[in-house]
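[1] The following block contains a protein sequence and its predicted model.
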Amino acid sequence: MKVCPTHGYALQRITSPMSERHGLTALPISRDKFESIPIIMNLNERVKGQLLRIASDIQLLIQMQDTQVFYNSRRLLMHRLSDMGLVTPGARVRQRKLQEQFVTFYGRELLNMLECAPQQNDHSWLASATRSMRNVVHPLRLMLLLRYLYGSFSEFLKRSDQELALFGKGPWPCLNKAAGHYREDIIKECKVTRCSDTGQPVGTFHCACGFSYSRRGPDQSEDDRFRRGRIKSFGSLWEARLKGYLQAGLSYRSTAINLGVDTNTVIKYADGNTTRHTCCLKVTGKKNKVKKPSTLNGCKPVRVDWELRDLELSWQVEETCKELMNDQSRPVRVRVATIGKRIGKLSVLEKHKDRLPITMNILSNYLESVSQFQIRRVRWAAKQMNGKWPLKKWKLVKKAGLRPGYSPEVEDEISRCISYNTLISPLTSTEVTQWLH
């Protein structure tokens with residue numbers, strides 16, 4: 001803080017008299033008994049007004065009893081950034097555009113005075129403030145970001161209350177009908193996201209029993225607290241109660257009523273295999289008439305031989321990985337998605353990893369980390385630039401397509417390639433060859 005939020009004057013630095021005793025500084029009581037100078041001088045009215053408003057927001061923060069909404073504001077920031085057109089369809093923040101608008105809003109003079117001017121790279125404090133919780137951002141800088149997005153800290157508090165109250169105030173009820181705490185308010189956290197189709201808020205609720213559900217908001221009445229739109233996970237308690245009902249001889253329909261789900265869901269989870277829902281019985285109509293799945297020429301569906309499929313996929317995966325590693329064109333990183341798309345089995349590799357032990361073991365031997373892929377690109381670039389002497393580091397980095405911030409292992413590989421080129425190229429030049437003849 002540079003100015004007093006109450007009186008609007010710049011803060012003063014005492015120059016004399018000052019006496020230190022036992023680590024303490026004694027100050028005179030009367031104003032006319034000491035001298036001081038303002039810590040900031042010669043400010044224009046615009047910067048002075050901004051400092052005063054920032055000081056008022058900081059004073060409001062200090063007076064708050066609970067400051068969790070301030071320090072946990074990153075989830076709310078994404079909604080506001082999206083409304084301002086600063087988020088891509090892939091949920092990535094347009095950092096360059098955000099930084100330009102942020103600097104224009106405050107001005108370089110004020111940001112330099114507060115030591116809050118963002119750097120011109122992807123690792124500035126402004127970029128860290130809009131990303132995950134891995135980095136800590138100074139409260140003053142976070143306050144500046146909130147003021148830019150909402151206009152003032154008080155407006156942010158008002159909007160945050162509305163955002164967090166979209167599904168009422170917690171705790172929220174658990175809607176697991178198999179649990180003894182059914183409809184009891186024991187869920188303490190509600191995660192709010194946005195629906196990609198309608199843009200409406202979606203609240204997700206996780207209970208300690210493993211049951212998780214979500215619904216679109218905002219809630220229109222108190223009864224909406226007990227409305228669940230989609231069940232994301234049932235949990236071990238629900239599954240154990242399901243097995244108990246079936247072992248006791250209850251029908252699928254009675255079990256579904258007791259557990260508060262559809263009959264199809266009970267059939268799907270009856271054998272503990274949730275991936276075979278396409279072969280399950282289908283319930284249609286108001287009378288819950290059960291229809292059997294249609295069969296081709298009266299034949300029953302053939303179960304997949306996963307051992308044979310695992311063996312066949314392992315050959316395809318290994319052959320594709322070797323082709324990628326030995327390809328002389330621009331390198332392509334070996335990843336599960338890349339291999340799966342090339343052999344047309346991406347869905348199988350992603351959803352049935354536990355059924356393909358041989359395939360996943362072979363694939364793990366070829367998968368590349370970011371550093372390993374960058375090293376392979378450096379070697380490829382050095383091979384492409386063979387014969388060009390001297391080999392410049394910046395040319396090699398550009399040819400390999402590396403961005404700043406690569407690991408020390410990649411740096412060592414760059415140095416090794418340059419050293420190798422330096423030793424070999426002079427001996428293979430035209431002049432030396434003629435001299436040897």
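    Good, I have the coordinates. Residues are numbered from 1 along each chain as shown.

[2] Got the domain ranges for this structure?
    49-154, 172-233, 236-294, 306-368, 371-434 (automatic domain parsing).

[3] Lowest average pLDDT across those domains?
    With a mean of 71, domain 236-294 has the lowest mean pLDDT of the domains of the chain.

[4] re the thing from before, make a markdown table from the domains of the chain and add mean neighbour count to it.
    Placement of C-beta: from N, CA and C, glycine included. Shown next, in a markdown table, are these (neighbours: other CB atoms under 10 Å):
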| stretch | mean neighbour count |
| --- | --- |
| domain 49-154 | 15 |
| domain 172-233 | 15 |
| domain 236-294 | 14 |
| domain 306-368 | 15 |
| domain 371-434 | 15 |
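
[5] Tabulate those domains in TSV, adding columns for distance to residue 8.
    Formatted as TSV, the domains of the chain follow (distance: least, CB to CB, whole Å):
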stretch	distance to residue 8
domain 49-154	6
domain 172-233	38
domain 236-294	60
domain 306-368	58
domain 371-434	44
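
[6] Determine which of those domains approaches residue 14 most closely.
    For residue 14, the closest of these is domain 49-154, at 19.6 Å, according to CB to CB.

[7] All the strands of the stretch 1-150 of the chain, in order from the start?
    12-16, 19-21, 24-26, 35-38 (DSSP state E, counting those that start in this stretch).

[8] averaging pLDDT over each of the ones you listed, which comes out lowest?
    Looking at the strands of the stretch 1-150 of the chain, the bottom one is strand 19-21 with a mean of 60.

[9] State the next helix or strand along the chain beyond the host helix or strand of residue 342.
    Assessed by DSSP states H and E, residue 342 sits inside helix 336-343. Later in the chain than helix 336-343, the nearest helix or strand by DSSP H and E is helix 346-351.

[10] how far out from the middle of the chain is that following helix?
    Computed by CA atoms, centre = their mean, to the nearest Å, the separation of helix 346-351 from the middle of its chain amounts to 23 Å.

[11] Report all helices and strands that it contacts.
    helix 306-326, helix 336-343, helix 357-366 (3 or more CB pairs under 8 Å, 6 or more residues apart in numbering; DSSP states H and E).

[12] which residues touch that helix?
    Helix 346-351 is contacted by residues 275, 309, 313, 336-337, 339-340, 356, 359-360, 363 when judged by CB atoms under 8 Å, 6 or more residues apart in numbering.

[13] Same check on stretch 248-256?
    Residues contacting stretch 248-256 (CB under 8 Å, 6+ apart): 242, 245-246, 258, 262-263, 265-267, 270, 288.

[14] what would these look like in JSON lines with distance to residue 158 and secondary structure?
    Converted to JSON lines, the contacts of stretch 248-256 look like this (distance: CB to CB, whole Å; DSSP: H, G, I helix; E, B strand; the rest coil):
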{"residue": "242", "distance to residue 158": "45", "secondary structure": "helix"}
{"residue": "245", "distance to residue 158": "49", "secondary structure": "helix"}
{"residue": "246", "distance to residue 158": "52", "secondary structure": "helix"}
{"residue": "258", "distance to residue 158": "45", "secondary structure": "helix"}
{"residue": "262", "distance to residue 158": "41", "secondary structure": "coil"}
{"residue": "263", "distance to residue 158": "47", "secondary structure": "helix"}
{"residue": "265", "distance to residue 158": "41", "secondary structure": "helix"}
{"residue": "266", "distance to residue 158": "46", "secondary structure": "helix"}
{"residue": "267", "distance to residue 158": "49", "secondary structure": "helix"}
{"residue": "270", "distance to residue 158": "50", "secondary structure": "helix"}
{"residue": "288", "distance to residue 158": "49", "secondary structure": "coil"}
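
[15] that older thread, now compare the contacts of helix 346-351 and name the two farthest from each other.
    Going by CB to CB, the pair spanning the contacts of helix 346-351 furthest: 275 and 339, at 21.3 Å.

[16] I am finished for the moment; much appreciated.
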